[in-house]
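1. Sequence isn't available, so here's the structure alone:
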């Protein structure tokens, strides 16, 4: 296509939801964009792999009714007829059994708490659902929960969940993050029938149709200013651009751009994150009748257990029952170096705690996926520690999951951030 005078040439680093949406919006206005992605498929943390008649995500994913940016993009790309909404069972495993926790009524029937404690819990949840903003931005979630929902609700319900997600930082997570988790979640969950990989493949196809390029299996090695441009060096050669948007995790961007001032690197290298690990099992039968099970009893080496086919059924996976066993871990954790067989052996006794009939002979296939930068640690003041989109290097912009706050990282908020970046910043 012929490009108008004054249009720019862009590099976008990373072909996840954020990078692809940025590239689409830039290409739509007539700019030329090249996206660099080291993996073999677009999609980032939401990418999938072929299984049966569909793609299965490497890490569990769904949408909420409040995820308007993601739903809008799905409709824009002509995939709206494949977006299905379900109301699966979500529950908490406590005192050796699963307690449904997906409605106001089920909260009031949560047996591990007394009737008075359940009432306080229910009132606190209702307040957060209705409140348009976090009740106290300077407070930690643990402080707020203890004061308004009670110490027992914190110990029984919330502390195990915060600990499983944030480890040693569990007691110092910012209240705005917790408010957003409660406020924006819905009991009806959406899934793109056939896998979210369709969304990212469609984005890549649309971008190519606008005259831009998605380069897969391409590792960016350095970004350096040169003669008024930015040179991007990769394992497949060098190219020069008017501007670069890095959607890579902050620590990786800092390493790739040596010309960033030291004071900038020191300031924004302090935003910490955890790695994610998912052991995915294909079983020959159902493990539970629950989609999402938070494991609040002591000793579980994984959290949560997500039985994906209790959301969408087994038809697209040739009858396989799909179970995700998730974990957030420090990047130095030894568990990240374990093999699928080692993890399954370690997890087996705990799967039997959930279903005493479970046997490893039920397991047809296993897959193991890891991501080193998957969960920002959102302690008080986190909002002030995020890097701005504009960097000291002329023409270099950053936009990544570490800039999504108070909402948690995810497809919807990556897409929303991309639209904001192009419309308001670029």
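-> Arrived safely. Everything numeric here is computed off the predicted structure, so don't read it as measured data. Numbering: from 1, shown residues only.
2. and residue 392, how many neighbours does it have?
-> The burial count assigned to residue 392 is 11, neighbours taken as other Cβ atoms under 10 Å. (Each C-beta comes from the backbone N, C-alpha and C, glycine too.)
3. same question, residue 347
-> Residues near residue 347, counting by other Cβ under 10 Å: 18.
4. same check, this time on residue 158
-> Using other Cβ under 10 Å: residue 158 sits among 21 other residues.
5. In contact with the closest residue to it other than its chain neighbours, which residues are there?
-> Sequence neighbours aside, residue 145 is the residue nearest to residue 158 in space, at 5.2 Å (criterion: Cβ to Cβ, 6 or more residues apart in numbering). Listed by Cβ atoms under 8 Å, 6 or more residues apart in numbering, the contact set of residue 145 reads 124, 153, 154, 158, 178.
6. who are the neighbours in contact with the second one?
-> Okay, so that is residue 153. Here residue 153 is in contact with 113, 117, 120, 121, 124, 145 (Cβ under 8 Å, 6+ apart).
7. Model confidence score at the first one, please.
-> Read that as residue 113. What the model reports for residue 113 is a pLDDT of 98.
8. I figured it hits residue 121, correct?
-> Yes. Counting by Cβ atoms under 8 Å, residue 113 touches residue 121, with 6.4 Å between them.
9. Now list whatever residues contact both of these two.
-> Joint contacts of residue 113 and residue 121 (Cβ under 8 Å, 6+ apart) are 153, 157.
10. separation between the spatially closest residue to residue 133 that is not a sequence neighbour and residue 89?
-> Nearest residue to residue 133 in three dimensions, chain neighbours excluded: residue 179, at 7.4 Å (Cβ to Cβ, 6+ apart). Residue 179 is 25 Å from residue 89, where distance means Cβ to Cβ, to the nearest Å.
11. how far out from the middle of the chain is stretch 394-403?
-> Mean-position distance between stretch 394-403 and its chain equals 18 Å (Cα atoms, centre = their mean, to the nearest Å).
12. per-residue confidence averaged over that stretch?
-> 95.
13. circling back: compare residue 179 and residue 89 (neighbour count), which wins?
-> residue 179 (24 against 19).
14. so which helix or strand takes in residue 111?
-> Assigned by DSSP states H and E, residue 111 belongs to no helix or strand.
15. Run a quick neighbour tally on it.
-> Neighbour number of residue 111 under other Cβ under 10 Å is 10.
16. Pull out the buried residues from the least confident helix or strand in the chain by mean pLDDT.
-> Least confident helix or strand of the chain, by mean pLDDT, DSSP states H and E, is helix 382-385 with a mean of 84. By neighbour count on 16 or more other Cβ atoms under 10 Å, the buried set for helix 382-385 is 382, 385.
17. burial measure for residue 139, as a count.
-> 17.
18. Not counting sequence-adjacent ones, nearest residue to it?
-> Nearest non-adjacent residue to residue 139 (Cβ to Cβ, 6+ apart): residue 175, at 4.5 Å.
19. what ranges do the helices span in the stretch 101-250 of the chain?
-> Ranges of helices in the stretch 101-250 of the chain, per DSSP state H, counting those that start in this stretch, are 104-108, 115-130, 141-148, 151-153, 159-166, 175-184, 197-209, 250-256.
20. and residue 65, which of these is closest to it?
-> helix 175-184 (9.2 Å; Cβ to Cβ).
21. Let me know the angle separating that closest one from helix 159-166.
-> An angle of 110 degrees separates the directions of helix 175-184 and helix 159-166 when computed by axes from the mean of the first three to the mean of the last three Cα atoms, to 10 degrees.
22. which SS class is residue 60?
-> coil (DSSP: H, G, I helix; E, B strand; the rest coil).
23. Now distance to residue 73 too, for the helices of the stretch 101-250 of the chain, in a markdown table please.
-> Listed next are the helices of the stretch 101-250 of the chain as a markdown table, based on distance: least, Cβ to Cβ, whole Å:
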| stretch | distance to residue 73 |
| --- | --- |
| helix 104-108 | 31 |
| helix 115-130 | 26 |
| helix 141-148 | 30 |
| helix 151-153 | 37 |
| helix 159-166 | 27 |
| helix 175-184 | 17 |
| helix 197-209 | 7 |
| helix 250-256 | 24 |
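24. nearest to residue 18, of these?
-> Closest approach to residue 18 among those (Cβ to Cβ): helix 197-209, 11.0 Å.
25. quick one: average pLDDT of the closest one?
-> Averaging pLDDT along helix 197-209 yields 98.
26. now stretch 144-154
-> 98.
27. ok, longest strand in the chain?
-> strand 363-376 (DSSP state E).
28. Taking helix 159-166 as reference, get the angle to that one.
-> Using the same axes, to 10 degrees: strand 363-376 against helix 159-166 is 80 degrees.
29. and residue 52, which of the helices of the stretch 101-250 of the chain is closest to it?
-> That would be helix 197-209 among the helices of the stretch 101-250 of the chain, by Cβ to Cβ, at 13.1 Å.
30. Contacts only, for the residue lying closest to residue 261 once chain neighbours are set aside.
-> Distances taken as Cβ to Cβ, 6+ apart put residue 392 closest to residue 261, at 5.4 Å, once the chain neighbours are dropped. By Cβ under 8 Å, 6+ apart, the contact set of residue 392 is 260, 261, 264.
31. In ChimeraX, how would I select the buried members of those residues?
-> To isolate the buried members of the contacts of residue 392 in ChimeraX, using 16+ other Cβ under 10 Å:
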select :260
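32. for the stretch 1-150 of the chain, which spans come out with low pLDDT?
-> Within the stretch 1-150 of the chain, the ranges that satisfy pLDDT under 70 run 1-6.
33. all strands for it, in order.
-> Along the stretch 1-150 of the chain, the stretches classed as strands by DSSP state E, counting those that start in this stretch are 9-13, 32-36, 48-51, 54-57, 63-64, 83-86, 90-94, 97-100.
34. Report how many residues lie close to the residue nearest to residue 138 when sequence neighbours are not counted.
-> Once flanking residues are discounted, residue 138 sits nearest to residue 380: 6.2 Å by Cβ to Cβ, 6+ apart. Residue 380 is flanked by 19 other residues according to other Cβ under 10 Å.
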